[in-house]
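Trainee: Make a model of this:
(one chain, ligands or ions: 2)
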Amino acid sequence: MFIRNGWYVAATAKEVGRSLLARWICGEPVVMFRKEDGAPVAMEDRCPHRKTQLSLGSLVGDEVQCLYHGLRFDGAGACTFIPGQGNIPPRLRARVYPLVEKHTWLWIWLGDPALADPGTIPDYRWNDAPGWTPVGGYLNFKADYRLLVDNLLDLTHETYVHARTIGNMAVAHTPQKTETEGETVRVTRLMKDCDPPPLFRRARNFTGNIDRWQKIVFEPPAHIKIDAGGAAVSPADAGKVLNWWILNALTPETEASTHYFWSVSRSFLQDDAELSDLVRRQTVQTFEEDRDVLESQQRMIETDPAGGALLAINCDAGGVAARRIIDARIRAEAP
Ligand code: FES
Ligand SMILES: [Fe+2]
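Mentor: Numbering: from 1, shown residues only. Ligands and ions are numbered 1, 2, ... in the order given. Model (predicted):
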């Protein structure tokens, strides 16, 4: 069900410090912390001795001390101390995962560590590049991550689900183009001379129509970046452009829940703190609307006595292509 040889966001860089943070990732318990020099560590959150959750214990210097019998493990997973016992059996090792800090997030690799190349971490430069102002956050959805992938690769639903923020009629009525190249899926929708949706109007004070665009890129395991915006067409608004990237790093928690790391990064009115606040609030509102739909969808899928496949129409082409890539990767990794 999960790609394991791939980079997932495990936490925001700020979330992890000098205490133990527990989080399930792809059905595996993980504990994270930073060493005294700031280096981040991710370890299986299960003591090699009797399987107690290590995150119930404490951080002693750069070592994790298990709550139950006081064994200590260093950042490489080696057991360094057994109370009352001199020799340490080498098999008493905690599993550690590669964990890399990049673009304000911490990236974990659950699969074969020999294949973990930090050079292949997806490009989320808009989180910390000069010229861009990001707002971001973390949400937890009680839904299969693939439902979030479907949702973000088909923005047709904006018209119906997000009419108060980013939905307008042009979205649902303009077909989108889907292209697959290797493991990348691109979904593009160009809406000519349409009315700006409510958030666009508030963020950029458009008085007339805009040419609106949505350019969505998917790459595995579950990363979706959306270049979205609008350019004024009316002479009264000449030169006004709204351009932001909606960045979505999806990390499965379990088969039926997802860690959702998001940011919206803009290249206009960069120092406008009030606008940042507006974008943050409206984005959270928009994603909460998605949550209501997706969590309900998850419940209805789980309780459907008939089982049966989800049906696809034209607008589902992006999600179908992404799921095909995910399935192929999972099959390729199967022993
Ligand atoms: S279970 Fe962790 S020290 Fe015994
Ligand atoms: Fe949505």
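Trainee: Do me a favour and get the end-to-end distance for stretch 194-213?
Mentor: Criterion CA to CA, to the nearest Å; first-to-last residue distance in stretch 194-213 is 11 Å.
Trainee: Now find how far off-centre it is within its chain.
Mentor: Taking CA atoms, centre = their mean, to the nearest Å, the mean C-alpha location of stretch 194-213 is offset from the chain mean by 27 Å.
Trainee: Now do that stretch, average pLDDT.
Mentor: Rounded to a whole number, the mean pLDDT of stretch 194-213 is 96.
Trainee: For that stretch, buried residues please.
Mentor: Counting neighbours by 16 or more other CB atoms under 10 Å, one finds that the buried residues in stretch 194-213 are 194-201, 203-204, 206, 209-210, 212-213. Quick note: C-beta positions are derived from backbone N, CA and C, even for glycine.
Trainee: Spell out the secondary structure type for the spatially most central residue of the chain.
Mentor: Nearest to the mean C-alpha position of the chain, counting by CA atoms, centre = their mean, stands Ala249 at 1.9 Å. Here Ala249 is recorded as strand under DSSP: H, G, I helix; E, B strand; the rest coil.
Trainee: May I have the residues that are in contact with it?
Mentor: With contacts defined as CB atoms under 8 Å, 6 or more residues apart in numbering, the neighbours of Ala249 are Tyr8, Val9, Trp105, Pro122, Tyr124, Ala222, His223, Tyr260, Phe261, Trp262.
Trainee: how about the helices in the stretch 151-300 of the chain?
Mentor: Using DSSP state H, counting those that start in this stretch, the helices assigned to the stretch 151-300 of the chain run over residues 158-161, 169-173, 198-204, 273-302.
Trainee: Most tightly packed of these?
Mentor: helix 198-204 (a mean of 19; mean count of other CB atoms under 10 Å).
Trainee: okay, the contacts of Ala249 in JSON lines with neighbour count and distance to Gly75 next?
Mentor: Compiled in JSON lines, the contacts of Ala249 are given as follows (neighbours: other CB atoms under 10 Å; distance: CB to CB, whole Å):
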{"residue": "Tyr8", "neighbour count": "26", "distance to Gly75": "20"}
{"residue": "Val9", "neighbour count": "25", "distance to Gly75": "20"}
{"residue": "Trp105", "neighbour count": "29", "distance to Gly75": "20"}
{"residue": "Pro122", "neighbour count": "23", "distance to Gly75": "25"}
{"residue": "Tyr124", "neighbour count": "24", "distance to Gly75": "25"}
{"residue": "Ala222", "neighbour count": "26", "distance to Gly75": "28"}
{"residue": "His223", "neighbour count": "24", "distance to Gly75": "27"}
{"residue": "Tyr260", "neighbour count": "24", "distance to Gly75": "28"}
{"residue": "Phe261", "neighbour count": "24", "distance to Gly75": "24"}
{"residue": "Trp262", "neighbour count": "20", "distance to Gly75": "29"}
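Trainee: Pull the most distant pair out of these.
Mentor: For the contacts of Ala249, with distances taken as CB to CB, the pair at the greatest spread is Pro122 and Tyr260 (15.2 Å).
Trainee: Tell me which of the helices of the stretch 151-300 of the chain lies nearest to Cys315.
Mentor: For the helices of the stretch 151-300 of the chain, proximity to Cys315 was assessed by CB to CB; helix 169-173 is nearest, at 8.6 Å.
Trainee: model confidence over that closest one, on average?
Mentor: The average pLDDT for helix 169-173 rounds to 94.
Trainee: ok, now stretch 124-132?
Mentor: Averaged across stretch 124-132, the pLDDT comes to 97.
Trainee: and Thr165, what does it touch?
Mentor: The neighbourhood of Thr165, defined by CB under 8 Å, 6+ apart, consists of Pro197, Pro198, Leu199, Gln282, Thr283, Gln285, Thr286.
Trainee: Just say helix, strand or coil for Ile326.
Mentor: Taken by three-state DSSP, the conformation at Ile326 corresponds to helix.
Trainee: The residue lying closest to it once chain neighbours are set aside: neighbour count?
Mentor: Nearest residue to Ile326 in three dimensions, chain neighbours excluded: Pro220, at 5.9 Å (CB to CB, 6 or more residues apart in numbering). Pro220 has 20 neighbours, counted by other CB atoms under 10 Å.
Trainee: For the closest residue to Leu110 other than its chain neighbours, give its distance to Tyr97.
Mentor: Counting by CB to CB, 6+ apart, the nearest residue to Leu110 once its immediate chain neighbours are dropped is Arg4, at 4.8 Å. Distance from Arg4 to Tyr97, counting by CB to CB, to the nearest Å: 10 Å.
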